[in-house]
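[1] Got a sequence here, can you model it:
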Amino acid sequence: MTRLTNKTAVITGGTTGIGFETAKQFIAEGARVILTGQNEERLQTAGSELGEAVIPIRADVRSLHDLDVLAARVKAEFGQLDILFANAGIGLFAPLAAIDEGFYDDQFDINVKGVFFTVQKLAKLLNDGASVILNASAVNEKGAAMGSVYFATKAAVRSLARTLAAEFASRQVRVNAISPGFVPTNFQSKMRLPPEALDSFGSYVKQSAPLGRFGKPEEIAASVVFLASDESSYMTAADLVVDGGFMNV
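    Okay, here's the model as predicted:
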């Protein structure tokens, strides 16, 4: 018996990186998965690689219309939902003086509004005892130059895990955050940082983390599986930090 046998799951932002690896591990543990993304080509590629246990659906988490369509599709395909991994997010870095309204809105719209309304729109489909996992970040209690907006969005996601855990408690629905450290994926290519600045930030994180290395998508996905499974049945409102020790030293 695998840990997620016959469970139904939704993963937003799941075509690459941590979301994709999590989909692989969910399927290996027996779950059926709906995976979302915005890029049709990447969705089809992910669907082909993951096989029949996954249903790729195009959805932009900033669009309430798209989330309504996603909820309708989840109901049609699964009926009810056991696991929701709100994973879609971006991270942009810039000095304070260079930040305009669009830069600010892009990150809060995807990282905070997107997470909030993903949970709201799918809430009515969650089975009692379901598991909701929000992808925060190991920066949610940190500060660093040029990271003001991104770090603030991830602190907000951590806060949402607390309040939503309280709101869903009467249904025994568990809500936890997961906070990955620096995990090299194509996420970093979207940071709009010059290569030397990205290398400098990566070196800072690596040197600050007691384990002295970057994380791997497989390591984060394994922790998401833990939060999704009954192994974490007495955990809610928590933040599972998987960062080589970066945040807590």
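[2] Which helix or strand lies directly C-terminal to the lengthiest helix in the chain?
    In the chain, taking DSSP state H as the definition, the longest helix is helix 148-168. Following helix 148-168 in sequence order, the next helix or strand is strand 174-180 (DSSP states H and E).
[3] So what are the sheet partners of that next one and their directions?
    Sheet partners assigned to strand 174-180 using DSSP bridges are listed as strand 126-135 (parallel), strand 239-242 (parallel).
[4] Thr185 contacts Thr15, correct?
    No. With contact defined as C-beta atoms under 8 Å, Thr185 does not count as touching Thr15 (11.1 Å). In this view, the C-beta of every residue, glycine as well, is placed from N, C-alpha and C.
[5] CA atoms of the lowest-mean-pLDDT helix or strand in the chain as PDB?
    Every helix and strand in the chain was compared by mean pLDDT, DSSP states H and E; the lowest is helix 195-208, with a mean of 87. The C-alpha coordinates for helix 195-208 follow below in PDB (Å, rounded to 0.1, in the frame of the first residue of the first chain):
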ATOM      1  CA  PRO A 195      23.800  36.100 -13.900                       C
ATOM      2  CA  GLU A 196      26.400  37.600 -11.600                       C
ATOM      3  CA  ALA A 197      23.800  38.800  -9.200                       C
ATOM      4  CA  LEU A 198      22.100  35.400  -9.200                       C
ATOM      5  CA  ASP A 199      25.400  33.700  -8.500                       C
ATOM      6  CA  SER A 200      26.100  36.100  -5.700                       C
ATOM      7  CA  PHE A 201      22.700  35.500  -4.100                       C
ATOM      8  CA  GLY A 202      23.200  31.700  -4.500                       C
ATOM      9  CA  SER A 203      26.600  31.900  -2.900                       C
ATOM     10  CA  TYR A 204      25.200  33.900   0.000                       C
ATOM     11  CA  VAL A 205      22.500  31.300   0.600                       C
ATOM     12  CA  LYS A 206      24.900  28.300   0.300                       C
ATOM     13  CA  GLN A 207      27.400  29.900   2.700                       C
ATOM     14  CA  SER A 208      24.600  30.800   5.200                       C
END
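[6] what comes up buried for it?
    Phe201, Val205, Lys206, Ser208 (16 or more other C-beta atoms under 10 Å).
[7] What of stretch 147-159?
    Those would be Gly147, Ser148, Val149, Tyr150, Phe151, Ala152, Thr153, Lys154, Ala155, Ala156, Val157, Arg158, for stretch 147-159 by 16+ other C-beta under 10 Å.
[8] which residues touch Ser208?
    Phe246, Val249 (C-beta atoms under 8 Å, 6 or more residues apart in numbering).
[9] how much space between the closest residue to Leu64 other than its chain neighbours and Ala177?
    Of all residues not flanking Leu64 in the chain, Phe117 sits nearest, at 5.8 Å (C-beta to C-beta, 6 or more residues apart in numbering). Look at Phe117 and Ala177: by C-beta to C-beta, to the nearest Å, they are 17 Å apart.
[10] The two: which is more packed in?
    Ala177 (28 against 18; other C-beta atoms under 10 Å).
[11] how far away is the nearest residue to Gln188 once chain neighbours are set aside from Leu92?
    Using C-beta to C-beta, 6+ apart and skipping the chain neighbours, the partner closest in space to Gln188 is Leu198 (5.9 Å). Leu198 sits 12 Å away from Leu92, going by C-beta to C-beta.
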